[in-house]
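**Student:** quick one, what's the 3D model for this:
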Amino acid sequence: MFELENESDFRTNVGNVCGRDFVEDLMGHSFYMDTYYQLPEEKKRQMYLEAEPHLTITDTKSIENNFKSLSAKHNALEVKVDRVALLPLIVSHSYH
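**Tutor:** Numbers count the residues shown, from 1 in each chain. Okay, the predicted model is just below:
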């Protein structure tokens, strides 16, 4: 089992499609579910497949690190573009 970064979003997204009881059971919150909420495994699979398009499971740390790296590269390229844009001015002043 993996730890959810935002259980509330998961509960809401899956719950909106399949109902709260299903999502609570899916999250392992079966403390009260065993007594009255029992679905066949095939029905659970079907319900999960209905909810799946509404879910996004990502490695947020990896995405954040990649974003920081790309931002740094973008900033470095902006500095180089600014320098290249100044070259015509520098060249024209050196010939006067």
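**Student:** quick one: average confidence on stretch 17-29?
**Tutor:** Average pLDDT, stretch 17-29: 79.
**Student:** now what about stretch 50-62, what contacts it?
**Tutor:** The contact list for stretch 50-62, computed with Cβ atoms under 8 Å, 6 or more residues apart in numbering, reads 5, 10, 13-14, 16-18, 23. C-betas here are computed from N, CA, C, even on glycine.
**Student:** could you look up the next helix or strand downstream of the worst-scoring helix or strand of the chain on mean pLDDT?
**Tutor:** The weakest-scoring helix or strand in the chain, judged by mean pLDDT, DSSP states H and E, is helix 33-36 (a mean of 56). Proceeding N to C from helix 33-36, the next assigned helix or strand is helix 41-51, under DSSP states H and E.
**Student:** now that next one: how far from the chain's centre is it?
**Tutor:** How far helix 41-51 lies from its chain's middle: 22 Å, per Cα atoms, centre = their mean, to the nearest Å.
**Student:** next one: stretch 86-96
**Tutor:** The chain centre lies 48 Å from the centre of stretch 86-96; the measure is Cα atoms, centre = their mean.
**Student:** the residue lying closest to residue 17 once chain neighbours are set aside: neighbour count?
**Tutor:** Take residue 17 and drop its neighbours on the chain: the residue closest to it by Cβ to Cβ, 6 or more residues apart in numbering is residue 51, 4.4 Å away. Using other Cβ atoms under 10 Å, the number of residues around residue 51 comes to 19.
**Student:** again with residue 23
**Tutor:** Residues near residue 23, counting by other Cβ under 10 Å, number 22.
**Student:** tell me the angle whichever strand or helix holds residue 9 makes with helix 41-51.
**Tutor:** Assigned by DSSP H and E, residue 9 belongs to helix 7-18. On the basis of axes from the mean of the first three to the mean of the last three Cα atoms, to 10 degrees, helix 7-18 is oriented at 110 degrees to helix 41-51.
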